[in-house]
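# what's the 3D shape of this:
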Amino acid sequence: MIQSTICIIIFFITIALYMSNKFPLALVSITSMTILTVTGCLAPEDALANFANESVIIVGAMMIIPPA
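So this is what the prediction gives:
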């Protein structure tokens, strides 16, 4: 199968899972990223490039605090 076809299929499955709200968004996101990396659509360096970004760390830290 062509890589672009695989990427489009994964994209639509990811959107469908987001809309169904049956699984947590983080689980769907990480699973999609892992599948894209395993199939070769995404380089491992690109998949993990922004996890150490300062903005990502701040938003992640904010999610720990429960809303009032």
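
# Nearest residue to the middle of this protein?
The residue lying closest to the centre of the chain (Cα atoms, centre = their mean) is Ser29, at 2.6 Å.

# For Ile10, give me the pLDDT.
pLDDT recorded at Ile10 is 95.

# Distance-wise, check it relative to Thr39.
8 Å (Cβ to Cβ, to the nearest Å). Bear in mind the C-beta positions are built from the backbone N, C-alpha and C, glycine included.

# Need the single longest helix in this protein, by residues.
Looking across the chain with DSSP state H, the single longest helix is helix 3-20.

# circling back to that earlier point, between Ile10 and Thr39, tell me which one has more neighbours.
Ile10 (18 against 14; other Cβ atoms under 10 Å).

# In this structure, mark out all the helices, start to finish.
Secondary structure of the chain, counting by DSSP H: helices at 3-20, 25-39, 44-47, 54-64.

# and for the shortest one, what are the contacting residues?
Applying Cβ atoms under 8 Å, 6 or more residues apart in numbering, the set of residues contacting helix 44-47 from outside is Met33, Thr34, Leu36, Thr37.

# Could I get the pLDDT score of the residue lying closest to the second one once chain neighbours are set aside?
Once its chain neighbours are removed from consideration, Thr34 has its nearest residue in Ala47; the separation is 8.0 Å (Cβ to Cβ, 6 or more residues apart in numbering). pLDDT, Ala47: 87.
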